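K.L.:
model this:
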Amino acid sequence: MSTRIAFLKGHGTENDFVIVPDPENALDLSPAAVAALCDRRAGIGGDGVLHVVRSAAHPEAQGMAAEAEWFMDYRNGDGSVAEMCGNGVRVFARYLQHAGHAAEGDLAIATRAGVKTVHIAKDGDITVGMGRARLPEGDVTVTVGEHSWPARNVNMGNPHAVAFVADLAHAGDLYTAPPVSPAATYPDGVNVEFVVDRGPRHVAMRVHERGSGETRSCGTGACAVAVATARRDGTDPAVTGTPATYTVDVPGGRLVITERPDGEIEMTGPAVIVAEGEIDAEWLAHAFG
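P.N.:
Residues are numbered from 1 along each chain as shown. I've put the predicted structure just below:
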């Protein structure tokens, strides 16, 4: 491993990431190293790490290399591996554009949840094809303190529990994962969204992201919220034949989610590269040691 590593910092609706370009997958990003990079006091700081690898160079992505040149090897802030991160895909695409690997228009990005289609618009917004939502059967309950709410189980390639509340403050501090029952529903943990109405097809949310705590935004969570809200409202594009678009406010900004009649979900929002630099060699040796 090289003694010095380049990095960038970026965010999508203030869901922020440490970006580590590593085209040939030469770095051993251990969970401890990822957690050190994401530490907001002793590291660079971020909700997660976007490890940028050519699909052909990563064993988990080689089967997607013919469709997508680049693989988003995403890690949560605690170092754990995640299937997908919607805001992360937009920032990943912005990095590819920044580095000259992509231009305005369409591109494909490989993730652990499959190949995602991305469109970089001239106005700067990025739209990601997020795939279809799965709505597993079964009742789920989310609890914060003495309050409990029924929640909708939505899977966007990663698991979500969506609870509709009267006030977003009812979610508490979200430093720790809110208990969800039955626990067996989510054996690997779950992202929990708390949602309030703001207007017609317009909601606001807070989220506890599995492995990261409360974040300023969650792209897959916003998609799960839009689908859960549509079903609550009695709307299913597969039945009506008409796309359903919801505006989802997150603490860090606004995302627009469209569910098409074929079930495909598109998420549109901003993505920003904030800075780039080089990790200090002495710190690197300690963090990766």
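K.L.:
Helices of this structure, start to end?
P.N.:
With DSSP state H as the definition, the chain shows helices at residue ranges 31-38, 86-98, 219-232, 237-240, 281-288.
K.L.:
So, low pLDDT: which residues of this protein?
P.N.:
Low-confidence segments of the chain, defined by pLDDT under 70: 1-3, 288-289.
K.L.:
how about the nearest residue to the residue nearest the centre of it, chain neighbours excluded?
P.N.:
By CA atoms, centre = their mean, the chain has its centre lying nearest to Cys85, at 2.3 Å. Sequence neighbours aside, Tyr74 is the residue nearest to Cys85 in space, at 4.9 Å (criterion: CB to CB, 6 or more residues apart in numbering). The C-beta positions use only the backbone N, C-alpha and C, and glycine is treated the same way.
K.L.:
What separation is there between the residue nearest to the centre of the chain and Glu209?
P.N.:
9 Å (CB to CB, to the nearest Å).
K.L.:
do Thr245 as well
P.N.:
Taken as CB to CB, the span from Thr245 to Glu209 is 24 Å.
K.L.:
Please apply the same query to His160.
P.N.:
10 Å.
K.L.:
Can you verify my assumption that Val195 contacts Ala228?
P.N.:
Yes: counting by CB atoms under 8 Å, Val195 touches Ala228, with 7.5 Å between them.
K.L.:
what's the overlap in contacts for these two?
P.N.:
Residues touching both Val195 and Ala228 by CB atoms under 8 Å, 6 or more residues apart in numbering: 162, 164.
K.L.:
Name the residues contacting each of His160 and Glu209.
P.N.:
Shared contacts of His160 and Glu209 (CB under 8 Å, 6+ apart): 191, 221.
K.L.:
any idea how far Asp139 is from the residue lying closest to Leu168 once chain neighbours are set aside?
P.N.:
Distance criterion CB to CB, 6+ apart; nearest residue to Leu168, sequence neighbours excluded, is Arg206 at 5.1 Å. According to CB to CB, Arg206 and Asp139 sit 22 Å apart.
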